[in-house]
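Let's see this in three dimensions:
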Amino acid sequence: MIIRNAVIQDLPFVVSIYNQSILKGGVTGDLTPFTADQKESWFQNLKANNYPFLVMEHNNEVIGYAYLAPYRPGKRAFLKSAEITYYVEEKHLHKGIGSKLVDSLLDQASKMGFKTIIAILMHTNQASVQFLTKKEFEQWAYLPDVGEYKGETIHHLYFGKNILG
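Numbers count the residues shown, from 1 in each chain. Reported below is the predicted structural model:
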């Protein structure tokens, strides 16, 4: 298994992994799966703006990914903050892949001068709540009733971590 920078050829794997979470439900606010073509401009934009995007590869297949994206895009006061996202292929969960990816991403973010990393998640995503707590993120905010999923009200949780002094 190797961790490397994502390339455009990884996009079908990335989208497939993300679609697993959409279909599982209660993990992401997206409700409809995507195609790689639909996500291509998003991917190219992250790469063009030098936001790190890492994949874990095993047997020539991407089995997990993690990336940073702008927090409050266009607002220059937040340039040292970024939003973190990570997903692991279902059959490779609980093998330490997410941990390795996030650790590598946080190390890269620190070297790039990012100060604050923020994770925004649905309250129903308890696996991520536990994971982020293990990674020494703290819950910084609770936004009640900001969405609806399958007829139920959902809340957003903001977890954060300062990686530079």
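
buried stuff in stretch 150-164?
When neighbours are counted by 16 or more other CB atoms under 10 Å, the buried residues of stretch 150-164 are found to be 154, 156-161, 163. To be clear about C-beta, it is placed using only N, CA and C from the backbone, and glycine gets the same treatment.

what's the helix or strand for Pro33?
Under the criterion DSSP states H and E, no helix or strand holds Pro33.

And the pLDDT for it?
Pro33 carries a pLDDT value of 96.

What of Lys47?
Note for Lys47: predicted pLDDT of 89.

One more: Ala36?
We have a pLDDT of 97 for Ala36.

quick one on the thing from earlier: pick the one among the buried residues of stretch 150-164 closest to Ala48.
Taking CB to CB as the measure, Ala48 lies nearest Ile163 of the buried residues of stretch 150-164, at 23.4 Å.

Run through the helices of the chain in chain order.
Per DSSP state H, the chain carries helices over the ranges 11-24, 36-48, 97-111, 126-134.

and the closest residue to Ser21 other than its chain neighbours, what does it touch?
Counting by CB to CB, 6 or more residues apart in numbering, Val27 is the residue found nearest to Ser21 once chain neighbours are left out, at 4.4 Å. Val27 makes contact with 21, 122, 124-125, 127-128 under the criterion CB atoms under 8 Å, 6 or more residues apart in numbering.

Reformat the helices of the chain as TSV; add mean neighbour count and distance to Leu68.
Formatted as TSV, the helices of the chain follow (neighbours: other CB atoms under 10 Å; distance: least, CB to CB, whole Å):
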stretch	mean neighbour count	distance to Leu68
helix 11-24	17	14
helix 36-48	13	8
helix 97-111	18	6
helix 126-134	15	15
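
can you tell which of the ones you listed is closest to Ile118?
Of all the helices of the chain, helix 126-134 comes closest under CB to CB, at 10.4 Å.

name the helices or strands packed onto that closest one?
In this structure, helix 126-134 packs against helix 97-111, strand 116-122, strand 152-162, with contacts taken as 3 or more CB pairs under 8 Å, 6 or more residues apart in numbering; DSSP states H and E.

could I get the shortest one in PDB with only the CA atoms?
Included here for strand 116-122 are C-alpha records, laid out as PDB according to Å, rounded to 0.1, in the frame of the first residue of the first chain:
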ATOM      1  CA  THR A 116      -6.500  25.300  11.100                       C
ATOM      2  CA  ILE A 117      -8.100  22.200   9.700                       C
ATOM      3  CA  ILE A 118     -11.900  21.900   9.900                       C
ATOM      4  CA  ALA A 119     -14.100  18.900   9.400                       C
ATOM      5  CA  ILE A 120     -17.800  19.400   8.800                       C
ATOM      6  CA  LEU A 121     -20.000  16.400   9.200                       C
ATOM      7  CA  MET A 122     -23.600  15.200   9.800                       C
END
